[in-house]
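# Sharing a model that was predicted from the sequence below.
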Amino acid sequence: MSEPRTLGALKRAGYRSRSVKDELRENLLRKLAAGEALFPGIVGYEQSVIPALVNAILARHNIILLGLRGQAKSRLVRSLVNLLDPALPVLAGCEIHDDPLRPICRGCRDRIAACGDDTPIGWIEPDVRYVEKLATPDATIADIIGDVDPIRAARGGHELSSELTMHYGLLPHAHRGIFALNELPDLAGRIQVGLFNILEEGDVQIKGYPIRLPLDVAMIFTANPEDYTARGKIVTPLKDRIGSEIRTHYPQTLEQGAAITQQESWTERGGAVVVPRFLREVVEGIAFAARRDKKIDQRSGVSQRLPIAVLELAVSAAEQRALRAGESPVVPRIADVYAALPAITGKLELEYEGEVYGVERVARDLIRAALAESFTIHLGGLDLTPVIAHFSAGGSVKLSGDAPAAQVISQVRAVPGLLAQLGALGVRPGDAPGLTAAAAEFVLEGLYAQKKIGRSEDQGFVAPETSLDVEIDMERLERLRRIKRQVN
Ligand SMILES: [Zn+2]
C-alpha cells in the first residue's frame, strides 16, 4: 500500500494527529512490550540512566541530561530518533513540517483553503525531525526561534503576528520532532525565556511583536551539572518546565568502560590486530585513575574519549612497529600506551597542583597507576622473586618500543622465570610472538610501576632505585603561586 499523497486520501486512510510526545511514548510502549533493545550501543546505563529516561518519555516530559563530558549524553539524545515513526505525513513543501490536519503556518492554511482535499502531502523520515544545537552565549532569538521583518509586513499589508513575515529559526524546524539543545546554561537568559514561553504558551515576543507559534516539540537539553545548578544560570520558570532531570555518569566498572572503549575505538584496520585483555584494562585504568586524581579538575571530568583515543594511538604505534618488522598480527604493548600520551595530555583539565607538576608527568603517572592496578589483579598472587632477583643482582633488560617481538622474547628469555608466568595473562607458549612479547613487557613494566625494579635511560629495566620519591621544584611552585596571586 502506497502512502497517501493528498490531504483527502490521508483523511480517508484514517490519519489522526498525534503530538510528538505521544508518538515517542506509544512507540516506546510498543518496544517495551515487544522486549526490543531500546538504546542499542549504550553500555553501562541499563540500571540507572535508561530506566529514568524511559520513565520521562512515558510521562511525556521535557528532559535534561546532567553529566560531565564524554558520558554519551549526545549519543543518548540522538538515539531518541529511533522512537519516532518511520514516516510522518506533512504538508508538502512546508518549511516546518506542518501537520496536514493542524497547520500552524499561514502559508499552509492558505494553501488548504485554496486546494482543499487536493493539497499535496509529503512524507518525512525520523532523521529530519531531529534538530540539534550547541548553546553558545552569542546565540540569538533569531537563531533559535526566528525573526520578523516589520517592513516587509507593512508593505505586504500583513499583520505583524502573521507567520508570513516570519523567518524561522532552529526550534520551529524541530516542529513535530525533537529539539536537542546542548549546554543549556550557556544560552542567554532572554532566549531561555523565549523557550519557556513557547513551551508554556505557544507564543513568543520577537522584537516586541507577539508571534503565535504553537509548536509541538519534545525538548531535550544537556548540561554540566555544576553549571546547571549554579545560581542564576537557568531562568527558574524554564527549569520548572523541564519535567525530568537525569544524571549521567562514567562507567562504574572497568569492564563496562573497556566494553565502551572497545565498541567506540577504531582498532579493526584491515590487517589482523590483537589487543591483549591486560592492555585494554590498562588503557581503561588510565581514565579511572584520572577520575580520582586530585591533580585533575573533576568538575570538568575525564571524558570516555580519552581511553578511546589512547587505544587508537596505541594500536597505531603497534601498527608502525609491525610494518617495519614485517610482523603479523599487530599487538600493542605497554610502550605503545606511553606512545599514546598525545591522546591524554590534551584531554585533562588540570588543577593548580597538576599545572605545577606538569601535564606530561601527570599523564605518565596515570599510566603507571593503571598498570600497577592491572598488574596486581593478574600477577599479584604470583611469586616473581626470581625475576626481581635477576635485576637486583645487576641484570638489565632494554626493551625498545620499536623492537620486533622476536627480539623482545630473546631478551626476556634471559630473565629466569619470566616467560613461565605469562599464563596468568592468558598467553600460552604457542601464541603469536607479539602476544608473548607484549605480556613479558607488561610484567616488567608492572614491576617497575610497583617500584620493585628500576629503569634507566640507557640500560632499560635495572635494579630498583633506593629513593624513587618525586621531587617537586619548590622554587617554581612558589613562583607560580606568586603569579596566581597577582592574577587574582
Ligand atoms: Zn506550513
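Sure, I can see it.

# Give me the nearest residue to residue 406, chain neighbours excluded.
Once flanking residues are discounted, residue 406 sits nearest to residue 433: 5.6 Å by C-beta to C-beta, 6 or more residues apart in numbering. Quick note: C-beta positions are derived from backbone N, CA and C, even for glycine.

# Repeat that for residue 109.
Of all residues not flanking residue 109 in the chain, residue 103 sits nearest, at 5.2 Å (C-beta to C-beta, 6+ apart).

# One more: residue 134?
Closest residue to residue 134 apart from its sequence neighbours, by C-beta to C-beta, 6+ apart: residue 182 at 4.8 Å.

# Dihedrals phi and psi, that neighbour?
Dihedral angles of residue 182 (phi, psi; degrees, to the nearest 10) stand at phi -90, psi 150.

# let's number from 159 now, not from 1
Yep, numbering from 159; the last one is residue 340 now.

# For it, report the pLDDT, please.
Residue 340 carries a pLDDT value of 95.

# Contacts only, for it.
Going by C-beta atoms under 8 Å, 6 or more residues apart in numbering, residue 340 touches 231-232, 290-293, 379-380.

# The stretch 459-608 of the chain: helices as residue ranges?
Assigned by DSSP state H, counting those that start in this stretch, the stretch 459-608 of the chain shows helices spanning 463-483, 492-496, 500-503, 510-515, 517-537, 543-550, 563-570, 591-607.

# do you know which of those lies nearest the ion?
When those are compared by C-beta to the ion, helix 463-483 sits nearest the ion, at 40.1 Å.

# Distance check, the residue nearest to residue 564 against residue 483.
Separation of residue 591 from residue 483 (C-beta to C-beta, to the nearest Å) stands at 10 Å.

# what sits in contact with each of those two?
Residues touching both residue 591 and residue 483 (C-beta under 8 Å, 6+ apart) are residue 563.

# quick one, strands of the chain?
With DSSP state E as the criterion, the chain has strands at 221-224, 246-249, 279-282, 288-292, 304-306, 324-326, 335-340, 361-364, 367-370, 375-381, 402-405, 612-614, 618-620.

# Identify the residues contacting the first one?
By that I understand strand 221-224. The contact list for strand 221-224 (C-beta under 8 Å, 6+ apart) reads 207, 211, 214-215, 231, 234-235, 342, 377-383, 386, 400-406.

# Give me the buried entries from these.
For the contacts of strand 221-224, a burial check counting by 16 or more other C-beta atoms under 10 Å picks out 207, 211, 214-215, 231, 234-235, 342, 377-383, 386, 400, 402-404, 406.

# check those residues against the ion, which are close?
Filtering the buried ones among the contacts of strand 221-224 for neighbours of the ion using C-beta under 5 Å from the ion leaves an empty set.

# Contacts only, for residue 348.
Neighbour list for residue 348: residue 299 [criterion: C-beta under 8 Å, 6+ apart].

# Now do the contacts for the residue nearest to residue 267.
By C-beta under 8 Å, 6+ apart, residue 261 lies in contact with 249, 252, 267, 270.

# Report how many residues lie close to the second one.
Other residues near residue 252 come to 18 when the count uses other C-beta atoms under 10 Å.

# I'd like the distance between residue 253 and residue 245.
In terms of C-beta to C-beta, residue 253 sits 19 Å off from residue 245.

# now residue 257
Residue 257 is 14 Å from residue 245, by C-beta to C-beta.

# More neighbours: those two, which one.
More crowded of residue 257 and residue 245, by other C-beta under 10 Å: residue 257, with 21 against 12.

# The ion contacts on the stretch 409-558 of the chain?
Counting by C-beta under 5 Å from the ion, no residue of the stretch 409-558 of the chain is near the ion.

# can you tell me the residue of the stretch 409-558 of the chain closest to the ion?
Per C-beta to the ion, residue 422 is where the stretch 409-558 of the chain lies closest to the ion, at 39.5 Å.
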